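Engineer: Predicted structure and sequence below. I'll ask about it afterward.
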There are 4 protein chains.
Amino acid sequence: MTLSTARSGLNQRTQVLSDCRPSDAKRADVLAAYRHVRSETERLCVPLEIEDYVVQTMPDASPTKWHLAHTTWFFEKMVLANTRDADRFGPSQFDYLFNSYYNSLGQQFPRPSRGLLSRPTVEEVYRYRSMIDELVEEWISSSDRESFERLAPLVTVGLHHEQQHQELILTDLKSVLGQNPLRPIYRPTESTMLEGKVSLDWMTYPGGVAEVGTSDASFAYDNESPRHSLLLTPYSLATRLVTVGEYLEFMESGGYRRAEWWLSDGWAQCRQERWEAPAYWFRDGSEWKIFTLTGCRDLVADEPVCHVCYYEADAYARWAGARLPREEEWEAAASSEPIVGNLLEEDCLHPQPAVRPDRMPAQFFGDVWEWTSSPYTAYPGYRPPEGPLSEYNGKFMCNQMILRGGSCLTAAWHIRSTYRNFFPPSARWQFSGIRLARDAF
Amino acid sequence: MTLSTARSGLNQRTQVLSDCRPSDAKRADVLAAYRHVRSETERLCVPLEIEDYVVQTMPDASPTKWHLAHTTWFFEKMVLANTRDADRFGPSQFDYLFNSYYNSLGQQFPRPSRGLLSRPTVEEVYRYRSMIDELVEEWISSSDRESFERLAPLVTVGLHHEQQHQELILTDLKSVLGQNPLRPIYRPTESTMLEGKVSLDWMTYPGGVAEVGTSDASFAYDNESPRHSLLLTPYSLATRLVTVGEYLEFMESGGYRRAEWWLSDGWAQCRQERWEAPAYWFRDGSEWKIFTLTGCRDLVADEPVCHVCYYEADAYARWAGARLPREEEWEAAASSEPIVGNLLEEDCLHPQPAVRPDRMPAQFFGDVWEWTSSPYTAYPGYRPPEGPLSEYNGKFMCNQMILRGGSCLTAAWHIRSTYRNFFPPSARWQFSGIRLARDAF
Amino acid sequence: MTLSTARSGLNQRTQVLSDCRPSDAKRADVLAAYRHVRSETERLCVPLEIEDYVVQTMPDASPTKWHLAHTTWFFEKMVLANTRDADRFGPSQFDYLFNSYYNSLGQQFPRPSRGLLSRPTVEEVYRYRSMIDELVEEWISSSDRESFERLAPLVTVGLHHEQQHQELILTDLKSVLGQNPLRPIYRPTESTMLEGKVSLDWMTYPGGVAEVGTSDASFAYDNESPRHSLLLTPYSLATRLVTVGEYLEFMESGGYRRAEWWLSDGWAQCRQERWEAPAYWFRDGSEWKIFTLTGCRDLVADEPVCHVCYYEADAYARWAGARLPREEEWEAAASSEPIVGNLLEEDCLHPQPAVRPDRMPAQFFGDVWEWTSSPYTAYPGYRPPEGPLSEYNGKFMCNQMILRGGSCLTAAWHIRSTYRNFFPPSARWQFSGIRLARDAF
Amino acid sequence: MTLSTARSGLNQRTQVLSDCRPSDAKRADVLAAYRHVRSETERLCVPLEIEDYVVQTMPDASPTKWHLAHTTWFFEKMVLANTRDADRFGPSQFDYLFNSYYNSLGQQFPRPSRGLLSRPTVEEVYRYRSMIDELVEEWISSSDRESFERLAPLVTVGLHHEQQHQELILTDLKSVLGQNPLRPIYRPTESTMLEGKVSLDWMTYPGGVAEVGTSDASFAYDNESPRHSLLLTPYSLATRLVTVGEYLEFMESGGYRRAEWWLSDGWAQCRQERWEAPAYWFRDGSEWKIFTLTGCRDLVADEPVCHVCYYEADAYARWAGARLPREEEWEAAASSEPIVGNLLEEDCLHPQPAVRPDRMPAQFFGDVWEWTSSPYTAYPGYRPPEGPLSEYNGKFMCNQMILRGGSCLTAAWHIRSTYRNFFPPSARWQFSGIRLARDAF
């Protein structure tokens, strides 16, 4: 099965998951999705050495080994532990080690210390995955109808959760490899860089009442609901992402040395961390080079700038005489765009220059997560789900900014126009970039 | 002149400041306002010992001496330095010491080190105030018309700015006195505590299009504009603030020991700082006592809880089955309320129990700043002013939450329904409290 | 009474304190010493503004106000509380605030927070001093013989203790004034700088058995005893201190940029703190200037370098092809030198160039404390005293280096050849300098 | 070859290394020693999983992988790079990563970040070892006579250096395994615990002139020289180490809760780190258990207490009415003792109860490093060697305390009575324990 057939198969399955067909077909779909996502995670780890699984470079990033175990523990606790045969599994010895942040499920091993764990070994973690996979697959195939109807949605949550961790595995691993003076390569790519300089145009969107948030019966996270109306004032969005070449102009006009374009907190951090360029850029003599998952190389002027934090994105926008989009502006514009782009299945592992006919908008999905100017808050009428999943999203609704659209590391099945990603404004290790906006009134 | 005549005089003057009367009358008004606000600042310092002016307890709070000098420097740089006689003043020797955060006006002495400055002495600072006062008053009285028209609005900004620092003088001083084991009193109060338990009722407000922000020709800060429309869904607000007695129930049901009601960042901070109660509460044997500017005493069940941070306010609201208001909900409700309440002119120096006939809303203005669930962001179409004042508000639009309504330390002239105060979600040393909200749909 | 008569009077009294004369004469001597030392402390504070008493620049340095109160509390707890009338004094409200580090006398207010106390005020502290002075003086004059014999030695300890704090008052105040961008002057001096360049010669001392430590019946600290024998190998000491001019040569040959002369811990600290010169030196354009208690001025090449830490002293010595003296080498050499020099009574407030006929050793006493290469440890057979004074010296015998000889801020009565001062190797705010040594075998 | 024959072989070789036999025999000895020590290092790693090689728990401890590479780099830089064929090796790509602290050999990768390096992999490090081993062995066998005479001593230094790292591999690995909640075992031991309670007696040693330091023509570190005379006062040493049972008495009488026995710095650290017992002890219900390299188990009352820092050792001694030995006291006593004991070759991996006939002293060598009260300083006349080895010992002569006698992880060939080990007074992860001393005059 090629990646593209896998993708279209998944897209089809997504719709299928919410239908009312007899249980057998549903079970088959769930089983196929489970097998696909779980194996995709392990496929991403093929190029790794055992040592690469262990290291943690900063509190926010976790070792690959931890991701592999945590996503497995998630199925154990959210699905298996709620089946009638829960007593077959008993309390996992990994409850403490691989609980990320679910206070309702017990104490957690300190997050900043995940890189201090040499055990369980990588091999033991893979055995743990196999054991749980066997049990989940058996449960999908043979559980009674009530149990299946009740818990199958949690399998789906678990798969989306695992896809989030697929992206984190790669971003966290990039942090491990990128700070190593030997600058090891994750994997050479077979993709060839796209060519062609595409001008930055503006697309204007009307104001008025807009609907934002999900009403889809298929899967979405709780923080995307409820769908609600709000008033937009007319606005314009850039038709493509800000490029490396444009960002270099900002740098050359003193972007990292002059306070005037920066938020106060951003400027303080810029000086304290001595930022001079996006993350993963490094000086080679008088030139800037870039470290990517596929190796070190020269900058490419037309590719989207990446690994900038909110403070940098916001400062760039102010320098450019523009601003960042509000999340509702982005969503209203993106809701009519097709979900295509440089996503994980393209296997590029880095954002690509825009390719775009005429003056059509491009790059809404894939390439880089786009910083919005919207802090992460609850939609009007938002209610977190009951149970442990109440801790999944709601308790993080403070001190974070919304990002939209997915990156080149995001699985196609995983992204949608209502999807709300969020990170602290100082986060740079994610594949995050910039789309400009401005008022049109 | 009693406090209440001063207040009504000021209210009258506010309207006056924006009218088109001949210059002479305007000058008289500006002069009166200037003299009133400047002297009011010094009146607040009367009870202080010289030593009290010097100490800084934390980076966010500044010594009284610094406030006195900084507000003066503000007039020097924003007004005098822009007059035709600017060369009469020359570069102030205090430019570096008393510039708070205006990068466009030069380097700043590090904020966390303001308490390390024994010089200039308090006496020298008062002499500096007198010197600048003389120059400003002379300028108000005798400047040419063009200069007056151009710079008088900056005098007004300076007065509002000074009123903000009046409140900070008292909150920062409370921090100095409150952490001293001798628990010194700022000033005994002559006010008597109000009595009477007022039930907590709910007032429901309709949804629909609402106008938010200022369109007033009189004074407002840039962050209150532009006035704009937005959609509200129906909501209810509690008719009074959450009381000490109600907050104690939260504490007694494990409020500071159970993670389930807290935002993730809040819970982390709660455990790290070992919070067990609002700031300025302390245990005396098995009982809680409270430190106030007027002395230590028992808790009063009916007075509003105060000195809680956003995390505590949010956790309390979740525990209570409610939520905090959004800032637009608060503003829509408050815009029709009169600006009366327990404000600075009442000289209570602490929030007071609600007094309220029938089921009318109370305490919108004064008592405590009310935390909203709205992060501090720019209104659609917001533009910061030109010049140094561009740094006044806009560059702080990140990592802070909006508070509304003023406190018992806020001057009546200073507050209005569109006023947006902002502090980080962990700030506890301000007079901040809680009004509950809930959806009404 | 001039300073010099005061000094000789004290010297006379020192011997007197240990004699066997009838009690009345002794009482008079103790009383005179008490009055002299106590008033001398207050004399040092005459040039201060009230604000200067309050500030603390770092954990190791205390506010002047704290020193004034702590030395008073010392008499209250060590003397008054042990008299038969102890109940007259009751537990001091200042026990917690002004206990420095005596665990056996109760909890202590955190040392790094001493600068957060605006109360008690300076005036209240002076009143506290007066009250205790009255009680102590009354006790000295009228106590019964047993009580006087038992506690008079503790008065003496209290006076030596107070003299240590006299020096600390000035060093800590220098830190307060020196970090203020206004660079205030403590007091202009009337002294004129000595002139004349004195060559650096070497005096060689024979090896063999030497006696070190005190056996004097008059006052000495516990850490100077017991007197004991040890073996010295022949050694030479420089006849004067290292000068500013010599130290500049070290700096110009890369002293602060090349690791090779530094201890590992010293080099790490040098880079972390970005040291480039001794403390209180600052660049004025391309030139170095120096801040002193008597004002800012040019460097004087012939005056002793001062405010270097152990790491700098040690690095300088290695660069110079020499080493620092061991404390026993210093003591053996100094024991035959007269206790004269640039001490506190000279009122210079800064080290002075050496003045020396022939090739005689100079500057053993006064000018600067001389770093030795000896860590602070117990002499063989050392026993701390009983009671709270057991905490005076013994518990600090780790992680500190011995300094010898007193500085220009040390009272003449206070210093002697057996005196062991000690500070951490990174301390720079004391008046500490360098005398070179080398092997002579 | 059994361990014991290996040991006696090495002892023989040690003497041999300094003799004047023809070069061929010497070469054979050096080659045998090289092969033995290098392979012994790898033997210690046999029980490890690959993941165990990577983790770093604290700045002072390094990953096993780093130790393996650093000791190899040491031979490359100290030996191969100084041969005539140095150009064959070229600048190592590992110069930056595996240089520990030799400033004269270039920059160093930051020590606290050694655990962030997933590459080079463990396999690559072993290949690096093989490559260098081949080159060194070839050089030993076939170098010209001049080169061999000049550099063979550096091979010997490299072997002693590697033995130091053998001990560190185990102590650092114990830290990795011990902090893992799964508490993995390094290796089950085949040794059986010795039995029998041995009373603590005192052996008295006369005072007078003693010789201390090395004059041996065979190998010793520079910091053990020069041999010199000093005066001892009569003293007694305990005939065995302090046991777990005795240390428990200290704990039960409030050892970790009462300040009176502690140095000031020690008490501050005790409270800050919340120490309650030696490192690697943990509570299991109401009982203390201990984690060892061979697994978790109950305490054994008669085995020596281990993993105490200097502060704990010093506090224990004061509680016991004794003191710690000075290093010269220890050396004078140990110089006549045979170098036998529970050393690495015994393969116990943990200290053992004393076994001792009559009242003879025991446990001078092996079991635990014994804290002395002597700070680490230079002997009179000490000169560091020329070249990079000048940085081996001398630059650490500050802020550290001397330990003597080796531990159960020290190779027998490596230890001697003049050997001076040194660690900061707060270090607990080494196998460090307590022998009591007292004055005998």
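Structural biologist: Cool, got the structure.

Engineer: For stretch A:137-148, give me every contacting residue.
Structural biologist: A:23, A:26-27, A:30-31, A:34-35, A:79-80, A:83-85, A:151-152, A:155 (CB atoms under 8 Å, 6 or more residues apart in numbering or on different chains). Glycine gets a C-beta too; all of them are placed from N, C-alpha and C.

Engineer: same thing but 10 Å
Structural biologist: A:23-24, A:26-35, A:38, A:75, A:79-80, A:82-85, A:149-152, A:155 (CB atoms under 10 Å, 6 or more residues apart in numbering or on different chains).

Engineer: Give the buried residues for it.
Structural biologist: Buried residues in stretch A:137-148, defined by neighbour count with 16 or more other CB atoms under 10 Å in any protein chain shown: A:139, A:140, A:143, A:147, A:148.

Engineer: Helix or strand: which one has the nearest residue to residue A:381 once chain neighbours are set aside?
Structural biologist: Distance criterion CB to CB, 6 or more residues apart in numbering or on different chains; nearest residue to residue A:381, sequence neighbours excluded, is residue A:226 at 4.8 Å. Using DSSP states H and E, residue A:226 sits within no helix or strand.

Engineer: likewise residue A:27?
Structural biologist: Short version: residue A:27 belongs to helix A:23-44, going by DSSP H and E.

Engineer: ok now do the residue nearest to residue A:381, which residues does it touch?
Structural biologist: Contacts of residue A:226 (CB under 10 Å, 6+ apart): A:212, A:213, A:214, A:215, A:379, A:380, A:381, A:382, A:383, B:233.

Engineer: hang on, the third one in a helix?
Structural biologist: When you say that, I think you mean residue A:214. No. Counting by DSSP: H, G, I helix; E, B strand; the rest coil, residue A:214 is not found in a helix; it is coil.

Engineer: wait, does stretch A:73-80 contact chain D?
Structural biologist: No. Using CB under 10 Å from any CB of the partner chain, stretch A:73-80 never reaches chain D; the gap is at least 14.4 Å.

Engineer: Going by proximity to chain D, name the top residue of the stretch 301-441 of chain A.
Structural biologist: In the stretch 301-441 of chain A, the residue that lies nearest chain D is residue A:429 (13.7 Å; CB to the nearest CB).

Engineer: That residue and residue A:170: what is the separation?
Structural biologist: 11 Å (CB to CB, to the nearest Å).

Engineer: Looking at these two, which one has more neighbours?
Structural biologist: A count of neighbours by other CB atoms under 10 Å in any protein chain shown puts residue A:170 above the other of residue A:429 and residue A:170, at 23 against 20.

Engineer: Can you tell me the SS state at that one?
Structural biologist: Residue A:170 ends up helix, using three-state DSSP.

Engineer: List the contacts of it.
Structural biologist: A:44-45, A:64, A:67, A:186, A:293, A:344, A:349, A:407-410, A:431.

Engineer: Among those residues, the buried ones, what's the PyMOL command?
Structural biologist: Entered in PyMOL, the line below selects the buried ones among those, by 16+ other CB under 10 Å:
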select buried, chain A and resi 44+45+64+67+186+293+344+349+407+408+409+410+431
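
Engineer: mind putting the contacts of residue A:170 in TSV, pLDDT and secondary structure included?
Structural biologist: Rendered in TSV, the data for these read as follows (pLDDT from 0 to 100; DSSP: H, G, I helix; E, B strand; the rest coil):
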residue	pLDDT	secondary structure
A:44	98	helix
A:45	98	coil
A:64	98	helix
A:67	98	helix
A:186	98	coil
A:293	97	coil
A:344	97	helix
A:349	96	coil
A:407	98	coil
A:408	98	coil
A:409	98	coil
A:410	98	coil
A:431	98	coil
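
Engineer: Spit out the contact partners of the closest residue to chain C within chain A.
Structural biologist: Per CB to the nearest CB, residue A:274 is where chain A lies closest to chain C, at 13.9 Å. Neighbour list for residue A:274: residue A:256 [criterion: CB under 10 Å, 6+ apart].

Engineer: where's it relative to chain D, distance?
Structural biologist: Going from residue A:274 to chain D by CB to the nearest CB, to the nearest Å gives 15 Å.

Engineer: Find me the pLDDT at that residue, would you?
Structural biologist: Reading off the confidence values, residue A:274 has pLDDT 97.
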